[in-house]
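J.: the amino acid sequence is not available; the structure is as follows:
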Ligand SMILES: C[S@@+](CC[C@H](N)C(=O)[O-])C[C@H]1O[C@@H](n2cnc3c(N)ncnc32)[C@H](O)[C@@H]1O
């Protein structure tokens, strides 16, 4: 049995009373592990037909499955690199369904890295609406960028700022907001011994003060009728009910729709707290649309690439940042005052007399939108060679070719004289 902080145990005993022993016994069980399907890339039916990893349905999430990490490693499967699924702790999958995302919604994820909630929101938006995915930490934001890119994000802006600046930019703008707040991480104890070492009661109180600030700012960014979902992976009353109750008491128009605790002795998961609030009061919104310059000659090389290698013609909602070309979301607020990591989909780089497509573009496009696709079966070792950065002998000379696994594009290669030169990004190449 792992050794847990005394004060933590005392507080949980007060909350759980008769159930306390059952809760303590759950620390003798193994941690649970799950994956969540990206339905923009593969249907549930097709995924289940592949019969991988001996999966078991997670009851509260249609797209979520348990797997047993002692018998399989889904993180090392090429479908993971292809963005077909995301590895996520099962109880954390209970958060996004509470948002009841509708196609076309404007959604904000305020504390987004590494992307567990944002990737889920993206698949539910299904290439419509807008996701603003924000992360305050400039290092953690890189993993967020990679995960969103892998999921095939187009209608997504990634910002790197604090809640106050965000509030000033987006007052009254969003239909849905998720705050997966920084917390003392008590629900991580079974998963990560460092979380136990790192825990102190002062950390609980420090987190509470940050949480109160974030929820205040978050609420201001909702439009009338909008929904805010607040969640933590911790058990303390201070960071959960206390934050929500104080907030509701201070805001007349805020209605608590539901709150739920997932306990590891009651469900198969590490534990979570989720509260859903609706805003009934008015909020003035002054957010302006981003002004886009029509680009013609500047993007000539992109248009040449498109004509030669794609089967689609993208709308002229382009933006140039240096020589980086972006396709901005259909609805794009002016974010010029914020620090932005991605303005929608990064299409690629305009170089002298040529266009080089981005890795993100290969993940966004459907195979039928690409002229040349080199498909590799999941059980063919060649796919691992590609992911390691090796060249592939194809015997053809088609130029830009998307490499796909089970029909899902996973990256680019440039083919000439029968050889496909590898363009899988160096930082993502696998070492096994
Ligand atoms: C629980 S994690 C988010 C996990 C993420 N939602 C997911 O599902 O993958 C909380 C995040 O809040 C960020 N954070 C820390 N302090 C913050 C603050 N003052 N304002 C906003 N976010 C903060 C942390 O960097 C961390 O990435």
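T.: Here it is on my side, so go on. This structure is a prediction, so every number in the text was calculated from the model and none was measured.
J.: what's around the closest residue in space to residue 162 that isn't next to it in sequence, how many residues?
T.: The shortest distance from residue 162 to any non-neighbouring residue, by Cβ to Cβ, 6 or more residues apart in numbering, is to residue 136 (5.5 Å). Placement of C-beta: from N, CA and C, glycine included. Number of residues near residue 136 (other Cβ atoms under 10 Å) recorded here: 20.
J.: right, and residue 136 touches residue 165 too?
T.: No - using Cβ atoms under 8 Å, residue 136 makes no contact with residue 165, being 9.8 Å away.
J.: at the contact with the ligand, which residues of the stretch 51-200 of the chain appear?
T.: Applying Cβ under 6 Å from any ligand atom, we find that the stretch 51-200 of the chain lies next to the ligand at 92, 111-117, 135-137, 140, 162-163, 180, 182.
J.: what subset of those is buried?
T.: 92, 111-117, 135-136, 163, 180, 182 (16 or more other Cβ atoms under 10 Å).
J.: so which of the residues you listed comes closest to residue 198?
T.: Residue 198 has its nearest neighbour among those in residue 182, at 12.3 Å by Cβ to Cβ.
J.: which ones are touching that closest one?
T.: 111, 207, 210, 211 (Cβ atoms under 8 Å, 6 or more residues apart in numbering).
J.: try 7 Å
T.: Residues near residue 182 by Cβ atoms under 7 Å, 6 or more residues apart in numbering: 111, 207, 210.
J.: show me where the stretch 151-300 of the chain has strands.
T.: For the stretch 151-300 of the chain, the strands defined by DSSP state E, counting those that start in this stretch cover 156-159, 174-180, 222-232, 254-262, 272-279.
J.: any chance of the ones you listed in a markdown table, with mean pLDDT and distance to residue 365 too?
T.: A markdown table is the format used below for the strands of the stretch 151-300 of the chain (pLDDT from 0 to 100; distance: least, Cβ to Cβ, whole Å):
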| stretch | mean pLDDT | distance to residue 365 |
| --- | --- | --- |
| strand 156-159 | 97 | 16 |
| strand 174-180 | 98 | 27 |
| strand 222-232 | 98 | 31 |
| strand 254-262 | 97 | 37 |
| strand 272-279 | 98 | 35 |
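J.: with distance to residue 402 as extra columns, can I get those in JSON lines?
T.: Shown next, in JSON lines, are these (distance: least, Cβ to Cβ, whole Å):
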{"stretch": "strand 156-159", "distance to residue 402": "21"}
{"stretch": "strand 174-180", "distance to residue 402": "32"}
{"stretch": "strand 222-232", "distance to residue 402": "36"}
{"stretch": "strand 254-262", "distance to residue 402": "40"}
{"stretch": "strand 272-279", "distance to residue 402": "38"}
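J.: closest one to residue 318 among those?
T.: Closest approach to residue 318 among these is made by strand 156-159 (15.0 Å; Cβ to Cβ).
J.: for this protein, where's the lowest mean pLDDT among helices and strands?
T.: Least confident helix or strand, the chain: helix 193-198 with a mean of 91, by mean pLDDT, DSSP states H and E.
J.: quick one: contacts of it?
T.: 2, 4, 185, 188, 189.
J.: in these, which residue is surrounded by the most others?
T.: residue 189 (23 neighbours).
J.: I'd like the distance between it and residue 368.
T.: For residue 189, the distance to residue 368 (Cβ to Cβ, to the nearest Å) stands at 47 Å.
J.: ok, so of the contacts of helix 193-198, who is nearest the ligand?
T.: Ranked by distance to the ligand (Cβ to the nearest ligand atom), those are led by residue 185 at 7.8 Å.
J.: with adjacent residues omitted, what lies nearest to that closest one?
T.: According to Cβ to Cβ, 6+ apart, the nearest residue to residue 185 is residue 195 (4.5 Å).
J.: residue 18 versus residue 392, what's the distance?
T.: Counting by Cβ to Cβ - residue 392 and residue 18 are separated by 62 Å.
J.: look at the two and report which has more neighbours.
T.: The neighbour comparison of residue 392 against residue 18 (other Cβ under 10 Å) goes to residue 392, with 18 against 6.
J.: so that one sits against residue 421, correct?
T.: No - with contact defined as Cβ atoms under 7 Å, residue 392 and residue 421 do not form a contacting pair (8.9 Å).
J.: got any residues that touch both of these two?
T.: residue 413.
J.: for the stretch 301-432 of the chain, just list every one of the helices.
T.: Secondary structure of the stretch 301-432 of the chain by DSSP state H, counting those that start in this stretch: the helices cover 359-364, 382-388.
J.: in this structure, which residue sits closest to the ligand?
T.: Counting by Cβ to the nearest ligand atom, the chain gets nearest the ligand through residue 116, at 2.7 Å.
J.: and the closest residue to that residue other than its chain neighbours, how far is that from residue 134?
T.: Distances taken as Cβ to Cβ, 6+ apart put residue 88 closest to residue 116, at 4.8 Å, once the chain neighbours are dropped. With distances taken as Cβ to Cβ, residue 88 is found 19 Å from residue 134.
J.: next one: residue 27
T.: Counting by Cβ to Cβ, the gap from residue 27 to residue 134 is 34 Å.
J.: what's the distance between residue 81 and residue 343?
T.: Distance from residue 81 to residue 343, by Cβ to Cβ: 25 Å.
J.: just the pLDDT for residue 1.
T.: pLDDT for residue 1: 67.
J.: okay, domains of this protein per the record?
T.: Listed domain ranges for the chain are 92-290+329-345, 366-432 (source: automatic domain parsing).
J.: give me the low-pLDDT residue ranges for the stretch 151-300 of the chain?
T.: Scanning the stretch 151-300 of the chain with the threshold set as pLDDT under 70 gives no residue ranges.
J.: mind listing what's buried in the lengthiest helix in the chain?
T.: In the chain, assigned by DSSP state H, the helix with the most residues is helix 201-220. Neighbour-count burial for helix 201-220 flags 201, 203-204, 207-208, 210-212, 214-215, 217-220 (criterion: 16+ other Cβ under 10 Å).
J.: ok, the closest residue to residue 323 other than its chain neighbours - contacts?
T.: Leaving aside its chain neighbours, residue 323 sits nearest to residue 350 (4.7 Å; criterion: Cβ to Cβ, 6+ apart). Applying Cβ under 7 Å, 6+ apart to residue 350 gives the contacts 301, 302, 323, 325.
J.: do residue 341 as well
T.: Applying Cβ under 7 Å, 6+ apart to residue 341 gives the contacts 141, 145, 158, 160.
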